[in-house]
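In: Got a sequence here, can you build the structure:
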Amino acid sequence: MAILHQHSTMAFSKTITVLTLLATAVGSFYSVDAAAAALVDSATKINFDDKLGNLSLFGVGVRKKGPIKVYSVGMYSGDDAKQSIASAPKSNTLSTLCNSIIASEQTTFVLKMNFKVGAEKMAAAIAESVNPRASNKAQVDTLKKLILDGVAAKGAATPGTTLQFDCSDEGVKVSVDSKEIGVAPGLKKAFCEVYLDDKCVSPALRNSCVENCCN
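Out: Numbering: from 1, shown residues only. The predicted structure is shown next:
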């Protein structure tokens with residue numbers, strides 16, 4: 001009976017060990033899945049996918065004009081930038097965020113409209129934000145025209161319209177509803193600063209990026 005009891009105890013112990021390992025594995029799977037989940041802008045309830053090609057979603061936020069929630073913006077960039085931000089001292093997190101994104105090979109800002117804006121007004125609003133941060137005004141005019149042409153082709157930037165700005169050393173590539181419009185050269189740094197410097201147009205985006213990269 002003692003031998004039988006010993007075998008039963010050993011079998012029970014092995015079963016518990018297996019179940020524990022399985023639970024740990026399942027828990028790890030869901031933790032990874034949760035970390036890679038899409039984000040929703042709490043202000044507009046607009047959803048952003050966790051990946052854009054090989055770029056990861058860093059954060060989301062709303063662009064307001066007074067009480068109007070004009071659009072939600074999501075920022076995508078490379079894992080190298082995320083690691084730099086995560087390892088930065090808390091006192092330097094915001095400046096590290098901006099500098100790391102500017103130094104990154106590519107960063108993409110995806111704007112999803114929540115409020116209808118005319119083509120001219122939309123183009124002018126973005127150009128006016130870029131202009132004081134840029135040294136070459138002709139390049140800003142090019143960016144403005146690309147946005148105007150892309151939005152005007154569909155009449156206006158209506159709710160659901162997506163504007164995509166791919167920022168690289170080549171410049172800023174503009175796409176509207178997944179249709180490439182063209183590239184404004186030399187504006188990578190200025191465009192990134194619109195959303196990431198101390199006078200950024202969406203503090204909510206900047207805060208979201210810091211929160212997601214540092215946790």
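
In: what residue ranges in this structure score low on pLDDT?
Out: Low-confidence segments of the chain, defined by pLDDT under 70, are located at 1-37, 215.

In: could you pull out the helices for it?
Out: Applying DSSP state H to the chain gives helices spanning 2-35, 79-86, 93-103, 119-130, 137-152, 188-196, 203-214.

In: centroid residue for the protein?
Out: Note on the chain: the residue nearest the mean C-alpha position is residue 75, at 2.1 Å, using C-alpha atoms, centre = their mean.

In: Which residue, other than its chain neighbours, is closest to that residue?
Out: residue 58 (4.8 Å; C-beta to C-beta, 6 or more residues apart in numbering). Any C-beta I mention is one placed from the backbone N, CA and C, and that applies to glycine too.

In: So what sits opposite residue 55 in the bridge?
Out: residue 52 (DSSP bridges).

In: Could you do residue 182 as well?
Out: Here residue 182 shows beta-bridge partners residue 174, assigned using DSSP bridges.

In: List the buried residues for stretch 88-102?
Out: When burial is assessed from 16 or more other C-beta atoms under 10 Å, stretch 88-102 yields the following buried residues: 88, 93, 94, 96, 97, 98, 99, 100, 101, 102.

In: now swap in stretch 157-174 and tell me
Out: Applying a neighbour-count criterion of 16+ other C-beta under 10 Å, the buried positions in stretch 157-174 are 157, 161, 163, 164, 165, 166, 167, 171, 172, 173, 174.

In: beta partners of the residue nearest to the centre of the chain?
Out: Those that pair with residue 75 in a beta bridge, by DSSP bridges, are residue 59, residue 109.

In: From residue 104, how far off is it?
Out: 11 Å (C-beta to C-beta, to the nearest Å).

In: Quick check: residue 113 touching residue 151?
Out: No. Taking contact to mean C-beta atoms under 8 Å, the distance of 9.5 Å between residue 113 and residue 151 leaves them out of contact.

In: Looking at the two, which is more packed in?
Out: Neighbour count, other C-beta atoms under 10 Å: between residue 113 and residue 151, residue 151 has more, with 26 against 22.

In: my guess is the more buried one meets residue 157, correct?
Out: Yes. The pair residue 151 / residue 157 is scored as a contact, 5.0 Å apart, by C-beta under 8 Å.

In: so what sits against both of these two?
Out: Between them, residue 151 and residue 157 share the neighbouring residues 119, 122, 163, with contact defined by C-beta atoms under 8 Å, 6 or more residues apart in numbering.

In: Cool, thanks, signing off.
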